[in-house]
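Q: sequence unknown, structure follows:
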């Protein structure tokens, strides 16, 4: 390299330094767009519809701001053959040990780093674009964190779940454990411990017994309302009502692997649950229930509306119909578009809970 060109690169003067900035901008524009598309597809095919739309919106806004960069300058500066970085690779670049999670983390890091480089280049070659790039960069930080946390939860198990059983803690512990085992073996994939009368110490003991009883390949234990208890005992997750702690606040307390479910009673709450990032929702009450009293029932009409909206806007969000569902009325739920149900007395209160669970699962799987 001549002395003139060397000093031009070092001192940052003349056409050489400008060319460096355009080359950096071109390379990082491609890097960021490729990374955002990767993240968008991960969110899309993992069923995280809200995250997918947010990544897409960020990508489109970034594309708009990058139009301030002179396309001819970018293309003129491109020199892939002369890019010494193309041959510099690390072993980790070719290793993705955790499948989707590893790909998402790598793509997220590329996008964050690339946006920072783009922002710095834009401050010189396209100042009008720098502020938008900075804003997108901060938004992407939050999106990437949300995606990694979502991937870390076992959504594959949740997507397979059809039967959700709500149980109380009124039985003696040994009988409780036996009944938990029976409904798990019968096909209850999600089991929620819900008891307002037990004190915290007793509640924790019942939850621990349930967790020790089930095989996690078959069933997961969810705690109703009590985020602190769910976090403390390491349950699979927590189920929240509309009057409970928010989904976002629960996320801050729980580990990334724990689910957050949300009760919904109208279509607006279903839409809000999707926006808030609930892992699953309960939709109801559908029929009159023996375990919980309501002033009004959302009913079959609500299930039909929720099913239609979910299929169109958020097909990846698991939704369980809940409230007074029994073998005698489950066909109405299925006809409303739901293939998942949450039941209590229909299984937990049955004379033969294993047989009842088996029958529910058979109906749901053969829908």
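A: Thanks, I have it. Everything numeric in this text was worked out from a predicted model, so none of it was measured.
Q: Now for residue 22, how many residues are close by?
A: 20 (other CB atoms under 10 Å). All C-beta spots, glycine's among them, are computed from the backbone N, C-alpha and C.
Q: from what I can see it touches residue 126, true?
A: No: no contact is recorded between residue 22 and residue 126 when judged using CB atoms under 8 Å, the distance being 10.2 Å.
Q: ok, and for the helix or strand hosting residue 120, which residues are buried?
A: Following DSSP states H and E, one finds residue 120 within helix 100-125. Using 16 or more other CB atoms under 10 Å as the test for burial, helix 100-125 gives 103-108, 110-112, 114-115, 117-122, 125.
Q: just the helices in the stretch 51-200 of the chain please.
A: Remark: helices assigned in the stretch 51-200 of the chain by DSSP state H, counting those that start in this stretch are 71-77, 100-125, 127-152, 155-160, 173-186, 200-213.
Q: Packing partners of the third one?
A: In this case it means helix 127-152. helix 14-45, helix 49-66, helix 100-125 (3 or more CB pairs under 8 Å, 6 or more residues apart in numbering; DSSP states H and E).
Q: now the second one
A: Contacts of helix 100-125 with other secondary structure elements, assessed using 3+ CB pairs under 8 Å, 6+ apart, are made with helix 14-45, helix 127-152.
Q: Let's have those helices in TSV, adding mean pLDDT and distance to residue 367.
A: Converted to TSV, the helices and strands packed on helix 100-125 look like this (pLDDT from 0 to 100; distance: least, CB to CB, whole Å):
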stretch	mean pLDDT	distance to residue 367
helix 14-45	88	24
helix 127-152	91	27
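Q: May I see the helices and strands packed on helix 127-152 organised as CSV, with distance to residue 207 added?
A: Below are those laid out as CSV (distance: least, CB to CB, whole Å):
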stretch, distance to residue 207
helix 14-45, 32
helix 49-66, 30
helix 100-125, 28
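Q: can you tell which of those helices is closest to residue 250?
A: helix 49-66 (16.7 Å; CB to CB).
Q: residue ranges with poor pLDDT in the chain?
A: Filtered on pLDDT under 70, the chain yields the residue ranges 1-16, 79-98, 289-296.
Q: And for stretch 24-36, what's in contact with it?
A: Stretch 24-36 is contacted from outside by 55, 58-59, 62-63, 66, 69, 74-75, 77-78, 83, 107-108, 110-111, 114-115, 117-118, 121-122, 125, 140, using CB atoms under 8 Å, 6 or more residues apart in numbering.
Q: what are the ranges of the strands in the stretch 251-367 of the chain?
A: With strands called from DSSP state E, counting those that start in this stretch, the stretch 251-367 of the chain shows them at 259-264, 280-283, 318-322, 341-343.
Q: Let me have the ones you listed in a markdown table, adding mean neighbour count as columns.
A: Below are the strands of the stretch 251-367 of the chain laid out as a markdown table (neighbours: other CB atoms under 10 Å):
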| stretch | mean neighbour count |
| --- | --- |
| strand 259-264 | 25 |
| strand 280-283 | 27 |
| strand 318-322 | 26 |
| strand 341-343 | 27 |
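Q: And the residue nearest the centre of the protein?
A: residue 150 (3.6 Å; CA atoms, centre = their mean).
Q: Any figure for the gap between it and residue 139?
A: Residue 150 is 16 Å from residue 139, where distance means CB to CB, to the nearest Å.
Q: what does residue 105 give?
A: 18 Å.
Q: likewise residue 48?
A: Residue 48 is 16 Å from residue 139, by CB to CB.
Q: Which one's more surrounded, these two?
A: Ranked by neighbour count (other CB under 10 Å), residue 48 and residue 139 place residue 48 first, with 24 against 17.
Q: Now the more buried one: closest residue in space, sequence neighbours ignored.
A: What sits nearest to residue 48 in space, not counting adjacent residues and going by CB to CB, 6 or more residues apart in numbering, is residue 150, at 5.5 Å.
Q: what's the answer for residue 64, then?
A: residue 132 (7.8 Å).
Q: burial of that neighbour, as a residue count?
A: So residue 132, with other CB under 10 Å, has 17 neighbours.
Q: Which residues are in contact with it?
A: Contacts of residue 132 (CB under 8 Å, 6+ apart): 61, 62, 64, 65.
Q: Closest to residue 311 out of those residues?
A: residue 61 (28.1 Å).
Q: gap between the closest one and residue 115?
A: 12 Å.
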